[in-house]
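> Based on what follows, work out the 3D shape:
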Amino acid sequence: MAYATTNPYTGQVVKTFPNATDAEVAQALEQGHAAFATWKDLAIAERVKVLQKAASLLRARHTDYATLLTLEMGKLLAEAEAEVELSAQILEYYVENAEALLAPEKLPSRHPSYTEAWVEHEPQGILLAIEPWNFPYYQIVRIAAPQLAAGNVLILKHASNVPQCAAAFEALFREAGLPEGGFRNLYATRDQIQTIIEDPRVHGVALTGSEGAGAIVAAQAGNALKKSTMELGGADAFVVLADADLDKAAQWAVTGRHWNSGQVCCSSKRIIVVDEIYDAFLQKYKAGVAALKAGDPMDPSTTLAPLSSQGALEDLQRQVEQAVAHGAQVEVLGAEVPSTGAFFRPVLLTMAEDNPAYGWEFFGPVSQVICARDEADAVRIANDSPFGLGGSVFTRDIPHGIKVAQKISTGMVYINHPTGVAADLPFGGVRRSGYGRELVGLGIKEFVNHKLIAVTDIDGAF
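Below is the predicted model of the structure:
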């Protein structure tokens, strides 16, 4: 695979990078194993000093880090600034909480032979992180912050179109004081990924990406008897109930579908509105999308960025064409977009439930606004998906909204807000959206050994 920085706004190739050599892979494994030998024995309080230093460096140079995000994958500069800050907040979450989250857990054993029993959470070694391009820093930090705090070390295989973002984080952790080999970026090939997974010094793999990539990597990890976590696609339901504040719901729907130019796994991809307010909602939603302004992502007045690459644009165009070939109707919603760059003009897709595209994930500014007969039908439609990442319920009646949220089969549901991200909330889904959780206590314990220690002072047989 070709690692290169290509500006999505101009289409110009800025810089290319060679694939890692096999010798570099071997070196990364050797250095990672050596780093783990010392890193794991440091007190948690000492480990998190590195995370705090990294967070401080991110904030001190936030404009430089944000500009690099926008250069490589095209997101709005304001969104890039927000991603840098979120990454710093995640690092600081584990600075403040790692010690308590990893504290030994006493077990109230009633067996007369054991005077004490507890579980300790021990690091295991090298982890492989395979990350996507849509949130180049956040995706790294989501696995790196908890696992470095836990005492593990990481090898990063990032997306091929954000090589400078990947290198920037290796340099960041090194400057923050992480031992050499504690976080290593590799421009690895697919064959090298398998080699890394199969190495006995590697104890797990975390992937965020497509279903196809997840299936391959999960199979490789399973064959090597290594634990994996998978954060894959999503087609989040955005359910609007009859009593919702329509202005608020429509505004959030526009934002939820088009932030990061719609290239978000937990984007509000299926907007489900009950029949009695459907027409009024749709009118407001269309007006909101039409007001988006596509242009230079560095320009503060731009509200719709290009897609991450020409390839991403072509993939989305192909999906829409296939949906239409199966009977879907397309309505252009957005204003004109620039003729150069990887821009996709926002559209509304309307299709029957038997259209094969009905269950697809559209990774870009393609909306589905679906009319449900009533609340029960809205829940049915929300759950009629191969995915199960996140979802939303919009209503003025919060207790009732919670009851509706409890009926939606996903890893996350937000009330009166699109599926979001925060340093102190867990992230993950079910079904074809993957398995495992990242962030908070769930994330820090994904790749540790939960070791039981039991004490007895009774002589004799069991």
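
> Spit out the contact partners of Ala335.
Applying CB atoms under 8 Å, 6 or more residues apart in numbering, we find Ala335 in contact with Ala290, Ala291, Leu292, Lys293, Ala294, Arg345. Just so you know, the C-beta spots here come from the backbone N, C-alpha and C atoms, and that holds for glycine as well.

> so the third one touches Phe343, yeah?
If I follow you right, that is Leu292. No: assessed by CB atoms under 8 Å, Leu292 is found out of contact with Phe343, at 11.2 Å.

> after the lengthiest helix in the chain, next one along is what?
In the chain, taking DSSP state H as the definition, the longest helix is helix 77-101. Tracing the chain past helix 77-101, the next element assigned as helix or strand by DSSP states H and E is strand 105-106.

> counting contacts, what elements does that next one pack onto?
In this structure, strand 105-106 packs against strand 116-122, with contacts taken as 3 or more CB pairs under 8 Å, 6 or more residues apart in numbering; DSSP states H and E.

> show me what contacts Ala28?
If you count contacts by CB under 8 Å, 6+ apart, Ala28 has them with Ala20, Ile155, Gly181, Arg184, Leu186.

> Tabulate these in JSON lines, adding columns for neighbour count.
Shown next, in JSON lines, are these (neighbours: other CB atoms under 10 Å):
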{"residue": "Ala20", "neighbour count": "19"}
{"residue": "Ile155", "neighbour count": "25"}
{"residue": "Gly181", "neighbour count": "24"}
{"residue": "Arg184", "neighbour count": "23"}
{"residue": "Leu186", "neighbour count": "23"}
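
> Name the nearest of those relative to Gly364.
Comparing the contacts of Ala28 against Gly364 with CB to CB places Leu186 closest, at 28.8 Å.

> Is the closest residue to the closest one other than its chain neighbours in a helix, a strand, or coil?
Once flanking residues are discounted, Leu186 sits nearest to Ala20: 4.6 Å by CB to CB, 6 or more residues apart in numbering. For Ala20, the assignment made with DSSP: H, G, I helix; E, B strand; the rest coil gives coil.

> Ramachandran coordinates for Ala20?
When read as degrees, to the nearest 10, the backbone of Ala20 gives phi -60, psi 150.

> Quick check: neighbours shared by Leu292 and Phe343?
Here Leu292 and Phe343 share the contacting residues Leu304, scored by CB under 8 Å, 6+ apart.

> Between those two, which is the more surrounded one?
Taking other CB atoms under 10 Å, Leu292 and Phe343 do not tie; Phe343 has more neighbours (23 against 19).

> just to revisit the earlier point, just the ones in strands from the contacts of Ala28, please.
Ile155, Arg184 (DSSP state E).

> So which residues of this structure form helices?
For the chain, the helices defined by DSSP H cover 22-39, 44-60, 62-73, 77-101, 136-150, 163-176, 190-198, 211-223, 246-258, 275-290, 310-325, 375-383, 398-405, 440-444.

> how about the second one: buried residues?
Yep, that's helix 44-60 we're talking about. The neighbour-count check on helix 44-60 (16 or more other CB atoms under 10 Å) flags Ile44, Arg47, Val48, Val50, Leu51, Gln52, Lys53, Ala54, Ala55, Leu57, Leu58 as buried.

> Could you dump these into CSV with distance to Gly359 and pLDDT added?
CSV is the format used below for these (distance: CB to CB, whole Å; pLDDT from 0 to 100):
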residue, distance to Gly359, pLDDT
Ile44, 44, 98
Arg47, 43, 98
Val48, 42, 98
Val50, 43, 98
Leu51, 40, 98
Gln52, 44, 98
Lys53, 45, 98
Ala54, 40, 98
Ala55, 40, 98
Leu57, 43, 98
Leu58, 38, 98
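
> Could you dump those into a markdown table with distance to Cys266 added?
Shown next, in a markdown table, are the buried residues of helix 44-60 (distance: CB to CB, whole Å):
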| residue | distance to Cys266 |
| --- | --- |
| Ile44 | 30 |
| Arg47 | 30 |
| Val48 | 28 |
| Val50 | 29 |
| Leu51 | 25 |
| Gln52 | 28 |
| Lys53 | 30 |
| Ala54 | 25 |
| Ala55 | 24 |
| Leu57 | 28 |
| Leu58 | 23 |
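
> Tell me the one of those nearest Lys226?
Arg47 (23.2 Å).

> and Leu313, how many residues sit next to it?
Neighbours around Leu313, by other CB under 10 Å: 18.

> Ignore what I typed, I meant Val205.
Per other CB under 10 Å, the neighbour tally for Val205 reads 25.

> cool, and Arg142?
For Arg142, using other CB under 10 Å, the count is 25.

> for Ala291, same thing?
The number of residues packed near Ala291 is 12, by other CB under 10 Å.

> and it, what does it touch?
Contacts of Ala291 by CB under 8 Å, 6+ apart are Thr303, Ala335.

> Roughly how far does it sit from Pro399?
Per CB to CB, to the nearest Å, Ala291 is found 34 Å from Pro399.

> same deal with Lys293?
39 Å.

> Which positions in stretch 341-356 come out as buried?
Gly341, Ala342, Phe343, Phe344, Pro346, Val347, Leu348, Leu349, Thr350, Met351, Asn355.
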